[in-house]
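Engineer: what shape does this take:
(one chain, ligands or ions: 1)
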Amino acid sequence: MQQADFDVIIVGAGPSGSACAIYMGKAGKRVLLIDKATFPRDKTCGDAISGKSMAILKDLDLVDRVAKTGAAKINGVLISSPKGIAAEIDNPKPDETFLGFVCKRQMFDNLVFQEAKKHATVMEGLAVMDLIFDNSRVVGIKAKDAKGQDHEFISRMVVGADGATSVVAQKLGLELMDPPNTSIAVRAYYDGVEGMTNRIEIHFVDEVMPGYFWIFPTGDKNEANVGLGMLVDARQERNVNLVKLMDEIVEKNPLMKGRFKNAKKKGKIVGWNLPLGSKPREMVFDGALLIGDAAGLIDPFSGEGIGNGMLSARVASKVILKAFYDNDFSKQNLGEYRDELLKEIGGEFKNSTRLQRFLKHKWLLNFAIKRIHASKEFRDMLAGTFINESPIDRISITPGTLWRMLIAR
Ligand SMILES: Cc1cc2nc3c(=O)[nH]c(=O)nc-3n(C[C@H](O)[C@H](O)[C@H](O)COP(=O)(O)OP(=O)(O)OC[C@H]3O[C@@H](n4cnc5c(N)ncnc54)[C@H](O)[C@@H]3O)c2cc1C
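Structural biologist: Numbering: from 1, shown residues only. Next comes the predicted model:
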């Protein structure tokens, strides 16, 4: 085998790839972090940084730096039903702590990337086009820069952190578009939406069911990140144009039109795919691992992927370090990554998938939100789902428990 240029090559410098670079670099590995974009770059997102992301940010000592960007500090969730009944679930200790941030991805990702730069060699504006194999083992990458020049780098390990359209995953033979396990969502920024608080707002408006419409305050004066999303197969079935749907809701929905009457859309409505964890995909290969969206780790109900992406970076780093210790980069030895990760988040994926199916029954959601104040257990479960403060896998969501929670007074 050729001499390795690096110990680990990480493809993609979003929150997952940058977090992985920080963990690996801190452990003394020679890391190459590559991104096709030049930072700061934007990423289409709702910008909500949930409790799970907060845990990793704490681990990386980045919470205060995110707070200093002016990101909104979130202290509650407002949920409204298709019938327009709203329930508010608030942080019981707002003076002591806050639950998460809404931080525009251009700022958030750049902050984590700048931290990664301290621990890795970084190359921006370099698109990975292919993998280099030695028999069936991945041993490096082939890339092209903005001038069309070719580059090749050899490493002991390759980590695919290149998002929902991952080239690394495709070159490893994965089919990325799987409609029942993929959502599609659009978002735009608006100035001047009325009635915003420090809560993130999830509205199960009729037009978007079985998905939801959101309003998240960004912390930038009176600005909000506004968007909607649904499963790809639901969108295909209804043949709905999400950009048009969003404009229609803002203009005509009885709950929204008053709040948006003086609001100004900034820029275009943009969309992107969300590969969901409802059917965990293959993420371990000889000499390579996938993390974040490249591994399909987005919560099937809430649509959050930053926290799971950064968590997967932490778990992957631990397993890669052990592989260096064992000097064994085989799929079998790296398999612990998938096992450990699914041990941590597999239960959540199952429960979130059940909740996602629950959304298909509109009457049940109307009923549930109406009853939400009657059942603390139910309230806590939903708060946990949206903010990820309490892992929802602690609650066994069977039709029986749901029913008991719904009828509790
Ligand atoms: C509309 C929308 C709303 C969302 N809202 C939320 C939310 O509020 N909260 C939340 O937690 N999650 C949300 N998500 C999900 C979240 O955006 C993703 O889960 C998250 O970005 C995953 O991070 P990542 O680092 O794995 O991938 P990404 O953030 O996608 O980063 C991948 C990086 O790889 C680079 N790259 C891609 N291909 C190549 C290549 N060939 N060579 C080199 N570099 C490459 C890209 O430039 C990019 O920088 C939302 C998603 C969408 C679409």
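
Engineer: quick one: low-confidence parts of the stretch 151-300 of the chain?
Structural biologist: Scanning the stretch 151-300 of the chain for pLDDT under 70 picks out no residues.

Engineer: how about the helices in it?
Structural biologist: Using DSSP state H, counting those that start in this stretch, the helices of the stretch 151-300 of the chain run over 167-171, 232-238, 242-252.

Engineer: which among the ones you listed is found nearest to Gln3?
Structural biologist: Checking the helices of the stretch 151-300 of the chain against Gln3 by C-beta to C-beta gives helix 167-171 as the closest, at 22.1 Å. (Each C-beta comes from the backbone N, C-alpha and C, glycine too.)

Engineer: which residues are contacting the closest one?
Structural biologist: Contacting residues not belonging to helix 167-171 are listed as 11, 127-131, 141, 158, 160, 162, 176, 281, 288, 290, 294-295 [C-beta atoms under 8 Å, 6 or more residues apart in numbering].

Engineer: go on, stretch 78-93?
Structural biologist: With C-beta under 8 Å, 6+ apart as the test, stretch 78-93 has contacts from 75-77, 97-99, 197, 199-206, 209, 254-255, 362, 365-366, 368-370, 372-373, 379, 382-383, 386.

Engineer: 7 Å - rerun?
Structural biologist: Stretch 78-93 is contacted from outside by 75-77, 98-99, 199, 201-206, 209, 255, 362, 365-366, 369-370, 372-373, 379, 382-383, using C-beta atoms under 7 Å, 6 or more residues apart in numbering.

Engineer: report the buried members of those.
Structural biologist: Buried by 16 or more other C-beta atoms under 10 Å: 75-77, 98-99, 199, 201-205, 209, 365-366, 369, 372, 379, 382-383, out of these.

Engineer: for the stretch 301-409 of the chain, what lies in contact range of the ligand?
Structural biologist: Neighbours of the ligand within the stretch 301-409 of the chain, by C-beta under 6 Å from any ligand atom: Gly303, Glu304, Gly305, Ile306, Gly307, Gly309.

Engineer: what is the nearest of those residues to the ligand?
Structural biologist: Proximity of these to the ligand (C-beta to the nearest ligand atom) peaks at Gly305, which lies at 1.9 Å.

Engineer: over to that closest one: give its phi and psi.
Structural biologist: phi -130, psi -10 (degrees, to the nearest 10).

Engineer: for the nearest residue to it once chain neighbours are set aside, give its distance to Leu274.
Structural biologist: Distances taken as C-beta to C-beta, 6 or more residues apart in numbering put Ile298 closest to Gly305, at 3.7 Å, once the chain neighbours are dropped. Distance of Ile298 to Leu274, given as C-beta to C-beta, to the nearest Å: 5 Å.

Engineer: so which of these two has more stuff around it?
Structural biologist: Set Ile298 next to Leu274 and count neighbours by other C-beta atoms under 10 Å: Ile298 wins out with 29 against 23.

Engineer: mind listing what that one touches?
Structural biologist: Contact analysis of Ile298 by C-beta under 7 Å, 6+ apart lists Leu274, Pro275, Leu276, Gly277, Glu304, Gly305, Asn308.

Engineer: that one bridge partners, please.
Structural biologist: According to DSSP bridges, the residues that bridge with Ile298 are Leu276.
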